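>>> could you work out the structure for the sequence below:
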Amino acid sequence: MGKKKTASKSQATFVDEESSLSLIENLEFVAMRAAQKVWPAPTTGEDQLRELVSDGLIQSKVIAEWRVPGEHRVPAPGPGEIVLFVSFVRAGLCLPASAFLHQFLGYFGVSLNHLTPNAVLHLSVFVHLCEAFLGIPPSLSLFRFFFRLKPQPRREETSALGGCGIQFRQGLKIKFFDYDLVDSVKDWRAEWFYAANLIPSLVVHSGSGPVVNDRWDKKLESPAEIQAIQPLLDRISMLKQQGLTGFGIVSSFLRRRVQPLKEREHLGFEYSGAEDPSRMVPALELTDEEVLERLQKMLKGVSVIPPAVPEYSANNPPPAVSCLSSFFFLFEFFMYSFCVRSCLVFPCLGVLSFFVGAWAELC
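Predicted coordinates for the structure are as follows:
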């Protein structure tokens, strides 16, 4: 009798394990089929990645540890890897990612694969504007003044690939710099590859669409924030009068051979010239023809090289804008840089507003 019970128990255990394995296999199969609906079959070839290296947009294979998807139908990054898109790299992204990109993704609650190529280019233009022409670290507050996030294709059903666009707030495009993005980058979703997720590392890609939250469309409300950006709005107006355009901003970071969304040793206003360690390609300059060719691939309506406007650099440092503005943007930048490097949760902007408000009383 005892033996019979033991055998029965053993048989029940065997059946449960078999059922569990079957369930796991089914769940993995369902997950793979779901991923295949989101991720198109990859078309990235090693020649494309070598071209990115040749163009000075990504590091060598030894440093970046990039590799093509190979036989992978959907992403399956190994330990310490992340999925990148060729078009994102061409729009100004390189790893390790900058503190501002970490701040942007953390504040709005999105992952890298939720962005679009044009969204990445918007960010690159904004970052280089802040650093090289406004003379400040890139500011999320200034970004939020001009831009909002747009769910794609719709708020109730966002896409895992490109579900978060960036657009100008109503009536503010005219106050920013003129540039027209290409309508779309053809087949960009299929041009993905693996690379080392260099420290400070980004969150690995998300398999679902971004969840829209109130921050996507939230305007600046703090009087301290609005007061802090006013001198920058005045300078933007002056730069527009001097002839600076979005084409000129992109042309500038192309000529400097920097990737704006990469963590760099020097910010734009600290740039020291052809041998600056922030450059992807030291010393070797692009010709006017090469700059124009790259501009035409990134933006619409470019027929000539944009006129040059004086830029900030180590040899032409920016003046202090004001006591409040200087404190606000430097504190914002270093606070988020510290959080990224320390792997801390991104702090609430309310903390920043508190300190800025207190400082405003003293200025």
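>>> residue ranges of the strands in the stretch 201-350 of the chain, please?
With strands called from DSSP state E, counting those that start in this stretch, the stretch 201-350 of the chain shows them at 299-300.
>>> can you map out the helices along it?
Using DSSP state H, counting those that start in this stretch, the helices of the stretch 201-350 of the chain run over 223-241, 246-256, 288-298, 323-342, 349-362.
>>> tell me the spacing between the nearest residue to Leu101 once chain neighbours are set aside and Leu57.
Leaving out its chain neighbours, the residue that sits closest to Leu101 by C-beta to C-beta, 6 or more residues apart in numbering is Leu261, at 4.9 Å. All C-beta atoms are positioned from the backbone trio N, CA, C, and that covers glycine. In this view, Leu261 and Leu57 are 11 Å apart by C-beta to C-beta, to the nearest Å.
>>> and Gly171, by the same measure?
34 Å.
>>> same check, this time on Leu84
Distance, Leu84 to Leu57, by C-beta to C-beta: 11 Å.
>>> same deal with Arg189?
Distance from Arg189 to Leu57, by C-beta to C-beta: 19 Å.
>>> looking at Leu84 and Leu57, which has the bigger crowd around it?
Leu84 (27 against 21; other C-beta atoms under 10 Å).
>>> name all residues that make contact with that one.
Residues in contact with Leu84 (C-beta atoms under 8 Å, 6 or more residues apart in numbering) are 66, 93, 95, 112, 192-195.
>>> for these, pick the one with the most neighbours.
Counting by other C-beta under 10 Å, top hit in the contacts of Leu84: Leu95 with 28 neighbours.
>>> assess the claim that that residue and Ala195 are in contact.
Yes - using C-beta atoms under 8 Å, Leu95 is in contact with Ala195, at 6.2 Å.
>>> hey, what's in contact with both of those two?
64, 82, 84.
>>> which SS class is the residue nearest the centre of the chain?
The chain has Leu101 as the residue nearest its centroid, 4.7 Å off, counting by C-alpha atoms, centre = their mean. Taking DSSP: H, G, I helix; E, B strand; the rest coil as the rule, one finds Leu101 in the helix state.
>>> OK, contacts around it?
93, 123, 202, 261.
>>> what two of these are the furthest from one another?
Farthest-apart pair in the contacts of Leu101 is Leu123 and Leu202; separation 13.6 Å (C-beta to C-beta).
>>> more crowded one of the two?
Shown here are Leu123 and Leu202; by other C-beta under 10 Å, Leu123 has more neighbours (24 against 17).
>>> and the more buried one, helix, strand or coil?
Under three-state DSSP, Leu123 comes out as helix.
>>> can you check the pLDDT for it?
Per-residue confidence (pLDDT) for Leu123: 98.
>>> count of neighbours near the nearest residue to it once chain neighbours are set aside?
Nearest residue to Leu123, sequence neighbours excluded (C-beta to C-beta, 6+ apart): Leu261, at 6.1 Å. As a burial measure, Leu261 scores 25 neighbours (other C-beta under 10 Å).
>>> distance of Leu261 from Phe253?
10 Å.
>>> which residues do the two both contact?
In contact with both Leu261 and Phe253: 92, 124, using C-beta under 8 Å, 6+ apart.
>>> what about the closest residue to Ala314 other than its chain neighbours, neighbour count?
Spatial nearest neighbour of Ala314, chain neighbours left out: Ser272 (4.3 Å); criterion: C-beta to C-beta, 6+ apart. Ser272 has 14 neighbours, counted by other C-beta under 10 Å.
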